[in-house]
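1. Here's a sequence, model it:
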Amino acid sequence: MTRNRVLTAIAVAILLALAAPPTVSAAEGPVVTAPGSFQSELGCPADWSPDCLLSQLEDPDGDGLYTFVTTAIPAGQYEVKVAHGLSWAENYGAGGARDGANIPFTVTADGDRTTFSYDLATHVLTVSAGTASPDLRSARAQWLRRDVIALDVPATATTYRLYHAPRGGLVATAGGVTGGDWLPLTLDPAGLPPDLARQYPQLTGYEALRVPATALKDLLTGQLAVAAYDAEGRLADATGVQLAGVLDDVYAGAAHQTLGPVWRHGTPSLALWAPTATRVELVLGDRRLAMTRDRDGVWHARGERGWRDAPYAFAVTVYVPALDQVVTNVVTDPYSLGLTTDSARSVLVDLDDPALTPAGWDHLRKPPLAQPEDSTIYELQVRDFSITDATVPAAHRGTYLAFTDRDSAGMRQLRDLARAGLNTVHLLPTNDIASIEERRDAQQVPQCDLRAFGPAAEEQQACVEPVRDTDGFNWGYDPLHYTTPEGSYSTNPDGPTRTREFRQMVGALNGTGLRVVLDVVYNHTPAAGQDPNSVLDRIVPGYYQRLSATGAVENSTCCANTATEHRMMGKLVVDSVVTWAREYKVDGFRFDLMGHQPKANILAVRAALDRLTVAHDGVDGRRIYLYGEGWNFGEVANDARFVQATQANMAGTGVGTFSDRLRDAVRGGGPFDEDPRIQGFGTGLYTDPNGDPVNGTPDEQRARLLLYQDQIKVGLAGNLRGYRFVDRTGTLVSGSQVDYNGQPAGYAADPSETITYVDAHDNETLFDISQYKLPRDTPMADRVRMNTVALATTAFCQGPVFWHAGTDLLRSKSLDRNSFNSGDWFNRIDWTGQESTWGSGLPPRADNEAKWDYMRPLLSDPALAPRQPDILTAHRQAMDLLAIRNSSPLFRLGSAAAIQQRLSFPTGGPSQAPGVIVMALDDHRGTDLDPRWEGIVVVFNASAEATTQTVPALAGAHYRLHPVQAGGADPVVRTSSYDAGTGTFSVPARSVAVFVTR
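-> Numbers count the residues shown, from 1 in each chain. Purely as a prediction, here's the structure:
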């Protein structure tokens with residue numbers, strides 16, 4: 001993927017099928033599968049399954065020609081079609097016709113090679129079956145350790161050979177393989193050894209070919225192929241070889257070495273792991289200096305004092321299977337700590353250089369956080385924060401230094417939120433990004449007056465479109481170098497300035513009382529192969545990327561997936577995180593698509609951080625919080641290759657995962673609904689219907705609302721799998737027994753393991769999605785109140801709270817569902833609340849056109865545009881929520897046992913009021929946690945009518961409205977009351993009231 005072909009986000013259809021959260025389709029092309037009557041033979045659950053990736057066609061070189069080759073289809077007659085996006089919504093049949101006829105094909109003999117070829121431009125699928133010469137560019141053999149190669153061998157094979165050629169040139173014909181030497185391989189009748197079968201579950205059914213003891217390192221630097229011959233000596237099969245397993249085995253010692261630049265006594269040294277390279281040179285200016293290789297495949301160079309801040313690269317001479325030749329790649333350092341502009345060269349930065357140390361850095365005081373459950377997190381993008389803020393000096397706008405401008409509107413806003421109880425800023429990716437031009441004077445801007453067009457016009461997005469890939473905006477989920485700050489956010493991207501300015505940002509935020517979480521993206525690279533934006537794959541081809549069974553790069557994350565299950569890629573993750581923690585003193589990490597990484601790797605990160613101490617490293621690593629997207633999809637789904645870092649699997653680890661359960665229950669539906677008007681608890685389902693047939697009959701709405709209320713209760717209780725309460729049917733259930741789209745609603749073992757949210761950078765903002773779902777005639781004042789109700793379900797949950805930046809200001813992206821590359825116009829924030837970003841025109845066509853007809857009447861309706869008083873009211877009410885959460889430890893109990901003992905929902909069961917949830921927190925039991933209050937009752941009334949909720953067990957207690965609300969921003973909620981004689985709480989419509997008693 002080039003700089004102008006950017007990551008869009010995550011595979012929509014995969015996430016939809018698995019109830020996963022927001023992200024989007026890939027710029028490289030759709031996910032293409034070949035559903036047909038043969039899929040069960042491949043191991044799919046059923047034939048005609050468009051969502052089964054075992055028949056995925058791949059386009060690794062991005063030329064629009066997708067292929068899939070298999071020998072697993074038995075002799076017989078079959079039919080097939082092409083599907084996009086893992087569903088039947090877009091499919092092509094005979095002649096490339098959309099929704100066309102099935103395509104018949106015949107396999108004449110078991111073991112025949114069947115090739116599916118699909119042209120994206122014409123949508124024509126061609127199927128050929130026969131015994132054509134094998135393609136050695138395919139790599140279906142996998143060398144797992146020095147003595148074992150795994151291969152799904154043909155039934156007719158009797159003898160096997162490992163061919164090798166130092167500079168490539170092996171050729172497979174019907175007569176055999178020529179062009180190199182070979183070693184005999186022996187079929188092990190016992191199959192894969194048990195330890196390898198456990199390590200590689202995706203290879204179940206493969207045979208084991210034993211490799212004779214030989215000079216392995218000489219073989220691993222050239223072309224390899226495995227050939228199988230039948231009893232008559234005829235070639236039965238031949239294929240290339242995947243090397244990751246054997247590289248991990250032979251060069252295991254490299255995992256204990258320090259890679260990248262290291263400074264000792266003012267002198268640098270460099271180390272690069274490149275075990276398949278035959279030569280590596282350090283490129284320093286116009287000089288090339290030979291590096292020396294050690295037994296672990298690591299190449300070393302020792303430098304001189306004068307090299308400080310010098311640009312450098314590596315010239316790696318290596319065999320590239322895709323080219324079938326030895327090439328010399330000039331590549332930046334994957335362990336770069338500094339870079340020149342636009343990542344042209346690495347820079348020998350000494351992070352201990354006093355010039356890079358801001359005043360007070362060595363004694364930086366961290367905002368306290370007693371436990372992860374105390375976290376209140378604000379998700380923010382560096383450029384969004386200040387690029388349109390006129391109160392920021394022009395040179396600082398969109399940069400790290402904007403956070404040091406204490407009197408800017410944005411920093412005043414963050415200070416206000418921090419005083420109310422916000423304690424953490426989560427920054428979207430800030431490591432080196434492939435898709436952003438770092439030279440400010442080269443960044444393009446839309447060539448029109450965007451404010452001149454109407455609120456529902458097409459012109460704004462049309463004007464943004466030509467510069468989307470050349471402007472200064474992108475979310476940044478396309479990491480080029482993992483451990484260097486992004487240059488476009490620096491006032492000088494050339495060299496070490498970005499390091500100092502990043503540290504200044506961290507110090508400024510910490511000084512405001514805010515901890516800093518980095519969004520890290522280790523699950524993919526922006527490109528693979530010989531692409532200029534491919535760093536890792538040009539150093540050790542085929543190792544760092546996750547490969548399919550045929551050797552193609554997997555791209556289920558919308559870019560070239562990394563193989564963090566491989567030893568050295570896993571090491572890179574750990575080393576990178578530790579560097580950010582120690583050298584930049586960040587307070588937490590959010591892992592993008594964490595479910596694509598092994599649980600073991602995330603736990604290795606946790607263990608490495610836990611070893612950091614203030615005395616030795618300047619930080620207390622045990623205080624660093626980890627969380628991520630634990631979605632379960634793609635080639636790794638359901639632990640297909642390893643135990644994943646998914647929602648359920650991370651229970652008991654203390655690592656948090658985003659919970660889509662409460663999010664979907666509050667908003668209604670899911671992130672990828674064709675009709676966006678599906679309502680939820682916080683958008684009027686049943687109690688204030690919008691009249692759209694998609695919501696079903698009143699009885700269906702009521703049933704769904706009560707299920708949503710159970711899901712929300714589980715979320716309020718920390719999304720614990722073991723939390724027990726009375727559900728909508730009157731049954732005592734645990735969180736894991738509440739249904740969420742066929743999955744358990746509760747999955748966590750500890751409240752720290754769930755991130756509770758209702759909106760994030762992905763998908764529509766909370767305000768925008770509510771505009772779709774609330775009845776069209778809902779007054780703006782009530783829309784503001786429903787925004788507060790939705791945020792309250794997160795503010796009063798027992799786990800960490802997560803808010804998208806600006807959600808307290810009714811932030812809108814003009815209904816853009818995927819603003820990753822929509823530019824500053826659709827992503828801007830006005831921290832003063834004077835301007836609503838609602839009605840900024842129809843959002844970009846590529847990701848939104850299918851819903852433009854829903855959008856036009858909403859965006860053009862002046863009654864749906866909030867004014868400054870509406871925005872400021874929403875903000876003040878949100879501030880009250882934070883202050884209330886921060887006022888009592890009962891909202892942050894910190895353990896499953898304490899939550900079970902002290903938190904209850906006293907008005908559950910079949911007679912509960914639709915649209916109303918009553919939550920009680922009790923400080924009478926156990927240790928006194930709150931010196932002020934013995935009990936708290938929260939009444940969430942999302943309905944359009946006032947409610948009275950009686951809790952007989954509380955009769956006689958002296959509850960009153962929480963002082964924050966009694967003197968707060970909302971005059972309506974101040975009318976709430978409590979009748980001690982009956983234990984009855986009265987709360988107005990569309991309100992969340994908090995009552996306390998001493």
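2. which stretches of the stretch 551-700 of the chain have low pLDDT?
-> Confidence mapping of the stretch 551-700 of the chain against pLDDT under 70 gives zero matching residues.
3. Which residue ranges of it form helices?
-> Here the stretch 551-700 of the chain has its helices, by DSSP state H, counting those that start in this stretch, at 567-584, 599-610, 614-617, 660-667, 698-716.
4. can you check the stretch 251-400 of the chain too?
-> Assigned by DSSP H, counting those that start in this stretch, the helices in the stretch 251-400 of the chain fall at 382-386.
5. need the contact list for Ala255.
-> Neighbour list for Ala255: 567-568, 571 [criterion: CB atoms under 8 Å, 6 or more residues apart in numbering]. (Glycine included, C-beta is placed from N, CA and C.)
6. now Asp750
-> Contacts of Asp750 by CB under 8 Å, 6+ apart are 651-652, 654, 718, 720, 895-896.
7. mind checking pLDDT for it?
-> At Asp750, the pLDDT value in this model is 98.
8. May I have the secondary structure class of the nearest residue in space to Asp830 that is not next to it in sequence?
-> Distances taken as CB to CB, 6 or more residues apart in numbering place Thr837 nearest to Asp830, at 6.9 Å, with adjacent residues excluded. For Thr837, the assignment made with DSSP: H, G, I helix; E, B strand; the rest coil gives coil.
9. Sketch out the low-pLDDT regions of the stretch 401-550 of the chain for me.
-> Filtered on pLDDT under 70, the stretch 401-550 of the chain yields no residues whatsoever.
10. nope, the stretch 51-200 of the chain is what I was after
-> Using pLDDT under 70, the stretch 51-200 of the chain drops low at 61, 130-133.
11. What mean pLDDT does stretch 352-372 get?
-> For stretch 352-372, mean pLDDT is 96.
12. gap between the two ends of it?
-> Distance between the two ends of stretch 352-372: 30 Å, counting by CA to CA, to the nearest Å.
13. Now the most centrally placed residue in the chain: phi and psi?
-> Centroid check for the chain by CA atoms, centre = their mean gives Asp592 as the closest residue, at 2.8 Å. Dihedral pair for Asp592: phi -70, psi 130, per degrees, to the nearest 10.
14. show me what contacts it?
-> By CB under 8 Å, 6+ apart, the neighbours of Asp592 are 429, 477, 519-523, 628-629.
15. of those, closest to Arg439?
-> Pro429 (19.4 Å; CB to CB).
16. so when I look at the closest one, I'm seeing a helix, right?
-> No. Counting by three-state DSSP, Pro429 is not part of a helix but coil.
17. how deep is it tucked in, by neighbour count?
-> Counted with other CB atoms under 10 Å, the neighbours of Pro429 add up to 22.
18. Isn't it up against Tyr477?
-> Yes. Using CB atoms under 8 Å, Pro429 is in contact with Tyr477, at 6.1 Å.
19. And the residue nearest to Asp830, how close does it get to Pro74?
-> 58 Å (CB to CB, to the nearest Å).
20. just Phe403 next, same as before
-> From Phe403 across to Pro74, the span is 63 Å (CB to CB).
21. and the gap between the residue nearest to the centre of the chain and His426?
-> Distance, Asp592 to His426, using CB to CB: 12 Å.
22. Now do Pro22, the pLDDT please.
-> On the pLDDT scale, Pro22 gets 33.
23. Am I right that Tyr229 is in a helix?
-> No. Per three-state DSSP, Tyr229 lies outside any helix segment and is strand.
24. Burial check on it, number of neighbours?
-> Here the count is done by other CB under 10 Å, and Tyr229 has 20 residues near it.
25. Next: the one 10 residues further on.
-> A count of neighbours around Thr239, defined by other CB under 10 Å, yields 25.
26. Give me the buried positions along the helix or strand harbouring it.
-> Assigned by DSSP states H and E, Thr239 belongs to strand 235-242. Neighbour-count burial for strand 235-242 flags 235-242 (criterion: 16 or more other CB atoms under 10 Å).
27. for stretch 354-374, same thing?
-> 356, 358, 361, 367, 369, 371-374.
28. for stretch 717-734, same thing?
-> 717-723, 725-728, 733-734.
29. Checking the most far-flung residue of the chain relative to its centre next. Helix, strand or coil?
-> The centre of the chain is farthest from one residue, Glu232, which by CA atoms, centre = their mean lies 52.3 Å away. Of the three states, Glu232 takes coil under three-state DSSP.
30. For it, list the residues it contacts.
-> By CB under 8 Å, 6+ apart, no residues touch Glu232.
31. With Gly487 instead?
-> Going by CB under 8 Å, 6+ apart, Gly487 touches 339, 341-343, 432, 438, 493-494, 498.
32. how far away is it from Val347?
-> 11 Å.
33. and for the two, which residues touch both?
-> Here Gly487 and Val347 have Leu339 as joint contacts, going by CB under 8 Å, 6+ apart.
34. Next, the distance between the ends of stretch 177-194.
-> End residues of stretch 177-194 are separated by 31 Å (CA to CA).
35. out of the contacts of Ala255, who's nearest Gln223?
-> Among the contacts of Ala255, Met568 lies closest to Gln223 (CB to CB), at 21.6 Å.
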